[in-house]
Each structure stands twice: as structure tokens, then as C-alpha cells.
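Chemist: based on what follows, work out the 3D shape:
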Amino acid sequence: MKKLCVFLMCLCPLFAFAGCGQVDTINLLKNNLSEVSDVYYFSQDPVLKVSICSGKREEPYIYDGKSCDKLDFALITADIEGSDSEMVTISINGVAEDVILEFNYKTGTHMADLGRKLSGSEKIEFKYLDQTTTLECKSNSFVVSSDDAILLGYQTLQNQIDSLVQDGEFKGEAYLKIIDSLSGGFEDVFWLFSILDQNGEMKNLIISTQEGIVLADGNQNMI
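Modeler: Presented below is the predicted three-dimensional model:
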């Protein structure tokens, strides 16, 4: 939790009822989600750490305050050695596929998009060289769903979000991501809810996956 406290400042509001006007704004917000992850798999293997986040995201993926058409995705992130592209084998419900993982210099991990939506009920195995690990769907045990996280994000940033609604349109974009030890360096798993306006100002919230609370908030300017 020390990393979380350093990353953002602590905040813990409670859930509240959303009225009709709020429901309309929340629907606008959901329509302008440039990424929403709602399925999360993770390997507990101490040697071979692998995660898969799946959902929908915009294409092309650009931080510009505008949300474009969305495509299904299933992003693999693996902590394996080397800084070159690596071939791995992904087996989903017994169907194996060779996948090339590209090295991400920002995170120090290898990544690839399977270009599909996972349901959370799949049986998934990951093989690299002579190592094989099984991934477990962790999002099935989230107490706070993706919809819950979006609602709490709206309630916490209501003034900022409402100010972006003009003439029935949302002048910005939102993101709901899952961050863990591979993507954020944290020991636990959290929701990351973000709002980006067209001036490049971003606001972030770290939301618990187990309780209806915001753990931390912070601002970031993209320009």
C-alpha cells in the first residue's frame, strides 16, 4: 500500500444513489469509455507471472479526449526474460495458439493482444520455453464490478464529469483499467478509473476491487 499512497492521495467516499439526471450522464460516460476492462486472469506461478485483461477499447488508441469506435481485446502481459520479441503458446479451452509477445520498454514486460473478448469462464494455459502455467480468472471474485467502479468514479468526480457534458455530448473520454503487480507494480489488484478532457487534463482514481471505496485520487496532465 506504500506505493499506492505515494502514487496518489488517499480518499474514501461511499456509494450513493444515482438519480435520473445522473443516470443519463453515466450512460454518456459509458458510451465514451475508450477502454473498459472487465475480465482479468492472473497466474500465481512465482517464476512465470502472466496476466490477461480483456474488454473493449478504442481503435486507434489515442489519448486525445475523444472516444472512437471500440474493438474487443485481450491483452497478455508476461514477466519473462529478455528485451526482444518472444514466442509463447496460449491454450484457451484446449485450443493452442502461438503468439509473439513484444517487449514494452516502459513496463519492462512482454505484451500482445489476442484481439478477442474473454468471458471469464475459459481455461487458459501459458507456455514459454519449457515452463507452463495456468491462469485463473480473478475478476470472478471481484466484489466491485466494472459497473460499480464506473458509478463510484462518477460519484467521486461528478463536478468534473458534469462539466464535460455540453449540448448532450460528453467532451472527453474515460478509461477503466485493471492494474496489478505487472502493470502498476502493486501487490494487490485495483481498478484505475480515469477521465481525460480535450485540453489534456487527466484525473485518476484508484478503486478497490473488494470494497465500494476510492483508495486514492490524483491528477495528471497529458500535455
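Chemist: against Ser139, how distant is Phe193?
Modeler: 15 Å (Cβ to Cβ, to the nearest Å). (Each C-beta comes from the backbone N, C-alpha and C, glycine too.)
Chemist: who has more neighbours, these two?
Modeler: Phe193 (26 against 21; other Cβ atoms under 10 Å).
Chemist: for the protein, what helix or strand is lowest in average pLDDT?
Modeler: Least confident helix or strand of the chain, by mean pLDDT, DSSP states H and E, is strand 9-10 with a mean of 35.
Chemist: helix, strand or coil: sort out Asn27 for me.
Modeler: Assigned with DSSP: H, G, I helix; E, B strand; the rest coil, Asn27 falls in the helix class.
Chemist: now do the contacts for the residue sitting furthest away from the middle of the chain.
Modeler: Distance from the centre of the chain peaks at Asp130, with 29.8 Å (Cα atoms, centre = their mean). Listed by Cβ atoms under 8 Å, 6 or more residues apart in numbering, Asp130 has no contact partners.
Chemist: again, but for Tyr175
Modeler: By Cβ under 8 Å, 6+ apart, the neighbours of Tyr175 are Leu33, Ser34, Glu35, Val36, Leu192, Phe193, Ser194, Leu196.
Chemist: go again using 10 Å as the cut-off
Modeler: Contacts for Tyr175 were tallied using Cβ atoms under 10 Å, 6 or more residues apart in numbering; they are 33-37, 57-58, 63, 67, 153, 192-196, 202, 204.
Chemist: the most centrally placed residue in the chain pairs with what?
Modeler: With distances taken as Cα atoms, centre = their mean, Lys177 lies nearest the centre of the chain, 1.5 Å away. In this entry, Lys177 is beta-bridged to Leu192, by DSSP bridges.
Chemist: cool, thanks, signing off.
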